[in-house]
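K.L.:
have a look; sequence and predicted model below, questions after that.
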2 protein chains.
Amino acid sequence: MSQAKINRQWILKARPKGPVDEKCFEWRESEIPKPADGEVLVRNLMLSFDPTQRGWMTMDTYVPMIPLGEVMRAGSIGQVVESKKEGFAKGDLVQGAFGWQDYAATSGGGVMPMSKLPPGTQPNLAMGVLGITGLTAYFGTLEIGLPQKGETFVVSGAAGATGSVAGMIAKLKGCRVIGIAGGEAKCKWLEGEGGFDAAIDYKHEDVAKRLHELCPNGIDIYFDNVGGAILDAVLAQIAPKARIILCGAISGYEQSDLPPGPANYFNMVLKHGRMEGFLVLDYLSKFHEGIAQLATWHAEGKIVQLEDIQEGLENAPRTFMRLFSGANMGKQLLRIADPE
Amino acid sequence: MSQAKINRQWILKARPKGPVDEKCFEWRESEIPKPADGEVLVRNLMLSFDPTQRGWMTMDTYVPMIPLGEVMRAGSIGQVVESKKEGFAKGDLVQGAFGWQDYAATSGGGVMPMSKLPPGTQPNLAMGVLGITGLTAYFGTLEIGLPQKGETFVVSGAAGATGSVAGMIAKLKGCRVIGIAGGEAKCKWLEGEGGFDAAIDYKHEDVAKRLHELCPNGIDIYFDNVGGAILDAVLAQIAPKARIILCGAISGYEQSDLPPGPANYFNMVLKHGRMEGFLVLDYLSKFHEGIAQLATWHAEGKIVQLEDIQEGLENAPRTFMRLFSGANMGKQLLRIADPE
């Protein structure tokens, strides 16, 4: 790892009103900070990009809004360059919210407390199927979806980081799994390596019609990553006692006004449907169990990581925007440096 | 009971496109039918009016749509005038869907199977707190709402048949209960005889603002009878792990186009909210338990029936329309005849 002489940073300059664009961020070159007593200096290796970060830019949610003028917040994995904190040593791999910059001096507290990773951890997996992304799919699918063998499971954003893993977990539980994604390449991956029973290309197919063909007995479980018109199309076709897992609504994040809610929600009365939202942090006490299970499945080849790794901190805003244009396939990551 | 010579009937003539009006129905005078073998002739005593009947007029739901040209379907209680059916005798009180007419000859099957009631049953109670209405409140509140002592419970349509009982049951379970209703008289009843902790008059008060004042820690349970803007106002103020009980959406029944869904549904992600719909028939196997409990509470004076009894079959359409204008307080009934 070449020791840079400066700390390159992306500052949050303006809050997006509609779609995120590069003008929301400002490039800055600062001195590399010096860790105070009780702090470590971390060199960022890889950044994670997640739809929820769009929420952090404009509102207080489960975490406070990112202040203007501060480094753009993002989960990341880095390596300790210098430690003045007990329990951490030079060379340690650490995970936290070190943000869009080369270096962070931190005591490890705050929004996403710093944790030490085992030597040899692969950053892409630790922020993907074996990290928050995988856990989101895991708890949403199992704890809210309660999948039973033979049920029909539909997931939107199916070629995304969370959606792809959710579908694979439902498949492991014996469901018929249908993914909704945008474009031929994504659908081809889902029906091939992803192991899905079928995929619907929402950019080129009539989603309601295809769901009707593919789910003749209705949809038992729906893992929603997008909201909007697709959520409505699904609600119109739920089976009795259907479960709707609300994970996020990427179609809504970029709108400055609140979009209309799902008009077909009333079908939940007729079908005794249940819709439940969650944040992965709700399951903090079970993270250990989840990661162990995901790691086992991954090692056995039963779940695979679909990922999109871009290169170079200068590309952070453009990489973030890939999430909202749907350019990414799977977990969106940005490599900044390699571990020493 | 004066034995009429004709059978007066209200026929469904046209399906409403927007609000129900009298032109949807046609008055007809027919001969009194003769029961065939295996049938009884029932004299209708009292009709029940329920928002769900608006749905029956325009769409197949959990029961088939009412055919045009047939008697308007409604739950009712009647008395057997002549029986050619085993197990039923002249004078028996029976409950079923005998419709908007004086007499029905029926084998007792169909959409709402006929059942015999104990002698001395009060029709208003058997179709109110001790019937489907009470059971709807009972199962929605207890099985979906899961009320805990000290929680904040909000119910809309609170001076309606179901809403009033739901609030009283939540109160029995130790919740702080807030009712939303239209007009001073209804709110006064709720805060007085109804035993609610507070009432919000949505016709004259800012519901969101009042909810904010009355529920400083958010809303734990919401029993929704109306949908629309009030559902949205509640969703914006749910507490962590809130439960939303979807019972019906009277504000939506009268719209010819599907109204927008609740835009604030996304707050369920941030708060781990759960929204669940149900039909009372989902709990058929537990009806016996529910009625026994409701009857005990009613006998002890812990729940009371709020009711609005109109008179005369000729007023059936106008009585039905009272539900949608909000003219009724409590269970809407129409007396047609007295038992012999």
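P.N.:
Noted; the coordinates are in hand.
K.L.:
return the residues of the stretch 151-300 of chain A in contact with chain B.
P.N.:
A:227, A:232, A:246-249, A:252, A:258-279, A:282 (Cβ under 8 Å from any Cβ of the partner chain). Every C-beta, even on glycine, is put in place using the N, C-alpha and C of the backbone.
K.L.:
among those residues, which ones are buried?
P.N.:
The neighbour count (16 or more other Cβ atoms under 10 Å in any protein chain shown) marks A:227, A:232, A:246-249, A:252, A:259, A:261-279, A:282 as buried among those.
K.L.:
now residue A:38: how far from chain B?
P.N.:
32 Å (Cβ to the nearest Cβ, to the nearest Å).
K.L.:
residue A:214: neighbour count?
P.N.:
17 (other Cβ atoms under 10 Å in any protein chain shown).
K.L.:
and if you look at residue A:98?
P.N.:
Number of residues near residue A:98 (other Cβ under 10 Å) recorded here: 27.
K.L.:
and the residue nearest to it when sequence neighbours are not counted, what is it in contact with?
P.N.:
Among residues not flanking residue A:98 along the chain, residue A:104 sits closest, at 4.1 Å (Cβ to Cβ, 6 or more residues apart in numbering or on different chains). Shown in contact with residue A:104 (Cβ atoms under 8 Å, 6 or more residues apart in numbering or on different chains): A:33, A:41-42, A:44, A:71, A:78, A:96, A:98.
K.L.:
let me have the residues you listed in a markdown table, extended by secondary structure, pLDDT and distance to residue A:298.
P.N.:
Below are those laid out as a markdown table (DSSP: H, G, I helix; E, B strand; the rest coil; pLDDT from 0 to 100; distance: Cβ to Cβ, whole Å):
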| residue | secondary structure | pLDDT | distance to residue A:298 |
| --- | --- | --- | --- |
| A:33 | coil | 96 | 36 |
| A:41 | strand | 98 | 32 |
| A:42 | strand | 98 | 26 |
| A:44 | strand | 98 | 24 |
| A:71 | strand | 98 | 32 |
| A:78 | strand | 97 | 23 |
| A:96 | strand | 95 | 23 |
| A:98 | coil | 97 | 25 |
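K.L.:
most neighbours, which of those residues?
P.N.:
residue A:42 (31 neighbours).
K.L.:
show me where pLDDT drops low in the stretch 101-250 of chain A?
P.N.:
A:249-250 (pLDDT under 70).
K.L.:
for chain B, what is the nearest residue in it?
P.N.:
The nearest approach of the stretch 101-250 of chain A to chain B comes at residue A:246, 5.1 Å away (Cβ to the nearest Cβ).
K.L.:
quick check: end-to-end length of stretch A:110-120?
P.N.:
Stretch A:110-120 has an end-to-end distance of 26 Å (criterion: Cα to Cα, to the nearest Å).
K.L.:
chain center to it: distance?
P.N.:
From the chain centre to the centre of stretch A:110-120 is a distance of 17 Å (Cα atoms, centre = their mean, to the nearest Å).
K.L.:
sorry, back to before: now, the buried ones among the residues of the stretch 151-300 of chain A next to chain B that are in strands?
P.N.:
Counting by DSSP state E, the part of those found in strands is A:246, A:274-277.
K.L.:
would you map the helices across chain A?
P.N.:
A:52-58, A:123-126, A:132-139, A:161-172, A:184-191, A:207-214, A:228-235, A:250-253, A:267-271, A:287-299, A:316-325 (DSSP state H).
K.L.:
please identify the deepest-packed of the ones you listed.
P.N.:
helix A:161-172 (a mean of 28; mean count of other Cβ atoms under 10 Å in any protein chain shown).
K.L.:
how far out from the middle of the chain is it?
P.N.:
With Cα atoms, centre = their mean, you get 13 Å for helix A:161-172.
K.L.:
by contact count, what packs against that helix?
P.N.:
Packing partners of helix A:161-172 (3 or more Cβ pairs under 8 Å, 6 or more residues apart in numbering or on different chains; DSSP states H and E): helix A:132-139, strand A:152-156, strand A:176-181, strand A:219-224, helix A:287-299.
K.L.:
tell me who's in contact with the residue of chain A positioned farthest from its centre.
P.N.:
Distance to the chain centre peaks in chain A at residue A:37, reaching 33.6 Å (criterion: Cα atoms, centre = their mean). By Cβ under 8 Å, 6+ apart, residue A:37 lies in contact with residue A:84.
K.L.:
pLDDT wise, what is it at?
P.N.:
As predicted, residue A:37 sits at a pLDDT of 97.
K.L.:
ramachandran angles for it?
P.N.:
Reported as degrees, to the nearest 10, the phi and psi values for residue A:37 are phi -60, psi 130.
K.L.:
can you tell me how far it is from residue A:107?
P.N.:
Using Cβ to Cβ, to the nearest Å, residue A:37 is found at 9 Å from residue A:107.
K.L.:
do residue A:90 as well
P.N.:
Distance from residue A:90 to residue A:107, by Cβ to Cβ: 17 Å.
K.L.:
for whichever residue of the stretch 51-200 of chain A sits closest to chain B, give me the pLDDT.
P.N.:
Evaluated by Cβ to the nearest Cβ, the stretch 51-200 of chain A has residue A:61 as its residue closest to chain B, separated by 5.6 Å. With respect to pLDDT, residue A:61 scores 84.
K.L.:
could you tell me how many residues sit around it?
P.N.:
As a burial measure, residue A:61 scores 14 neighbours (other Cβ under 10 Å).
K.L.:
reformat the contacts of residue A:104 as a markdown table; add distance to residue B:179.
P.N.:
As requested, the contacts of residue A:104 are exported to a markdown table (distance: Cβ to Cβ, whole Å):
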| residue | distance to residue B:179 |
| --- | --- |
| A:33 | 57 |
| A:41 | 58 |
| A:42 | 54 |
| A:44 | 54 |
| A:71 | 49 |
| A:78 | 54 |
| A:96 | 47 |
| A:98 | 50 |
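K.L.:
ramachandran coordinates for residue A:305?
P.N.:
The phi/psi pair for residue A:305 (degrees, to the nearest 10) is phi -100, psi 120.
K.L.:
ok, it to residue B:77 distance?
P.N.:
63 Å.
K.L.:
compare these two (neighbour count), which wins?
P.N.:
Shown here are residue A:305 and residue B:77; by other Cβ under 10 Å, residue B:77 has more neighbours (26 against 18).
K.L.:
nearest residue to the more buried one other than its sequence neighbours?
P.N.:
Using Cβ to Cβ, 6+ apart and skipping the chain neighbours, the partner closest in space to residue B:77 is residue B:123 (4.0 Å).
K.L.:
the residue of the stretch 51-200 of chain A closest to chain B contacts residue B:267, correct?
P.N.:
No. Using Cβ atoms under 8 Å, residue A:61 is not in contact with residue B:267; the gap is 10.0 Å.
K.L.:
sorry, back to before: what's near enough to touch the residue of the stretch 51-200 of chain A closest to chain B?
P.N.:
So residue A:61 contacts A:52, A:55, B:270 (Cβ under 8 Å, 6+ apart).
K.L.:
now the first one: closest residue in space that isn't a chain neighbour?
P.N.:
Spelled out, that is residue A:52. Residue A:52 sits nearest to residue A:248 (Cβ to Cβ, 6+ apart), 6.7 Å away.
K.L.:
and the last one, by the same measure?
P.N.:
The shortest distance from residue B:270 to any residue other than its chain neighbours is 5.6 Å, reached at residue A:61 (Cβ to Cβ, 6+ apart).
K.L.:
and for residue A:23, the neighbour number?
P.N.:
Around residue A:23 there are 10 other residues, counting by other Cβ under 10 Å.
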